[in-house]
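Colleague: with the input below, show me the fold.
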Amino acid sequence: MNSREVIRHPGPPAPEPYSVARGTAHQVSVTLPKGAVLMQAVADAMEAAGCDSGVMVMDGLQMGPFDFVMPGHSNDGVHAAWYSATHSRTSGRIEAGTAIIGKRDGAWWLHCHAVWRSEAGTEIGHLLPDAVTLSADCEVTLIAFSGGAFDVSMNAETLFPIFHPTGGAAQGNALIAKVNPHHDIHQTLTTILQGSGFAHATVYGIGSLIGAVFAEGTPMASPISEVLIAPQARWDGALTLPMICVDPAGDRFSGEISAGTSPVCVTFEVLVLETA
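Modeller: The predicted structure is shown next:
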């Protein structure tokens, strides 16, 4: 059984495996202030950075009360996947987290998957940025991208409002990309990176997969998931792609993704930054 038989989206398949926008990027250290709501703090940081989009590495972020959702099954007869009910925690510390930042209806918006420790233990999920408070000043790293942008629009295949790369330049030291459903994440990112001309690069991203097989460790069988690329992901002429995944039951999986084993479920958003 192939992935299109397992996950059937309501709309027509995208004509291309991915979309991409080239640009320039640099790392900026920013402090998100204690007491702020995450979305507003990030919006203020983006305005100060003067960039078009970006990725924020949320490792170490201290959260007060916050809400999140898990991957879930759809009951609406339309979408192939959905979200769980909203969960709330009183506090937590992000161990690994990635936020893709762009615009939605002209305002800053972010999509964040993270691993954190809370009163419930170690959890992985999709943070709701308007419902996360910061319990301490937190210094984080912003990969500030200009020349193209992530912009939310309705996706015809999945009927989800999701980030799409727009604009772009002929040259630059970075790119943003979205991988479409049913395309293998490792093989598609390899194709994108081969076309970039980068000899070495760091890869950031989040999304969802229809199952996952790792070079070592227990595979994830669930066709519905939330995942983030782990900090060790890199391109050196070959792609090293470690992932951290969670399924609707809350079971966690991690390891280096094997090529040809892990098609995208709804979307996968990526920023690639060339390194020396």
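Colleague: lowest-scoring secondary structure element of the chain by mean pLDDT?
Modeller: helix 3-6 (a mean of 88; mean pLDDT, DSSP states H and E).
Colleague: in that helix, what counts as buried?
Modeller: residue 3 (16 or more other CB atoms under 10 Å). Yep, even glycine has a C-beta here, placed from its N, CA and C like the rest.
Colleague: how about stretch 134-145?
Modeller: Buried-residue list, stretch 134-145, by 16+ other CB under 10 Å: 134, 135, 138, 140, 141, 142, 143, 144, 145.
Colleague: among those, which ones are in strands?
Modeller: The strands, defined by DSSP state E, take in 134, 138, 140, 141, 142, 143, 144, 145 from those.
Colleague: could you measure from the second one over to residue 272?
Modeller: According to CB to CB, to the nearest Å, residue 138 stands 25 Å off from residue 272.
Colleague: picking up where we left off before, dump the ones in strands among the buried residues of stretch 134-145 to a markdown table, plus distance to residue 8 and pLDDT.
Modeller: Formatted as a markdown table, these follow (distance: CB to CB, whole Å; pLDDT from 0 to 100):
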| residue | distance to residue 8 | pLDDT |
| --- | --- | --- |
| 134 | 40 | 98 |
| 138 | 41 | 96 |
| 140 | 38 | 98 |
| 141 | 38 | 98 |
| 142 | 37 | 98 |
| 143 | 35 | 98 |
| 144 | 38 | 98 |
| 145 | 33 | 98 |
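Colleague: nearest to residue 82 among those residues?
Modeller: For these, the closest approach to residue 82 (CB to CB) belongs to residue 134, at 28.2 Å.
Colleague: got the contact list for the residue nearest to the closest one when sequence neighbours are not counted?
Modeller: Distance criterion CB to CB, 6 or more residues apart in numbering; nearest residue to residue 134, sequence neighbours excluded, is residue 36 at 5.2 Å. Contact analysis of residue 36 by CB atoms under 8 Å, 6 or more residues apart in numbering lists 44, 133, 134.
Colleague: let me see the ranges of the strands in the stretch 51-200 of the chain.
Modeller: In the stretch 51-200 of the chain, the segments counted as strands under DSSP state E, counting those that start in this stretch are 53-57, 62-69, 71-72, 82-83, 87-89, 92-104, 107-118, 121-134, 138-146, 148-154, 161-167, 174-179.
Colleague: can you put the ones you listed in CSV and add distance to residue 27?
Modeller: Putting the strands of the stretch 51-200 of the chain into CSV (distance: least, CB to CB, whole Å) gives the following:
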stretch, distance to residue 27
strand 53-57, 9
strand 62-69, 21
strand 71-72, 30
strand 82-83, 31
strand 87-89, 30
strand 92-104, 14
strand 107-118, 17
strand 121-134, 21
strand 138-146, 6
strand 148-154, 18
strand 161-167, 20
strand 174-179, 11
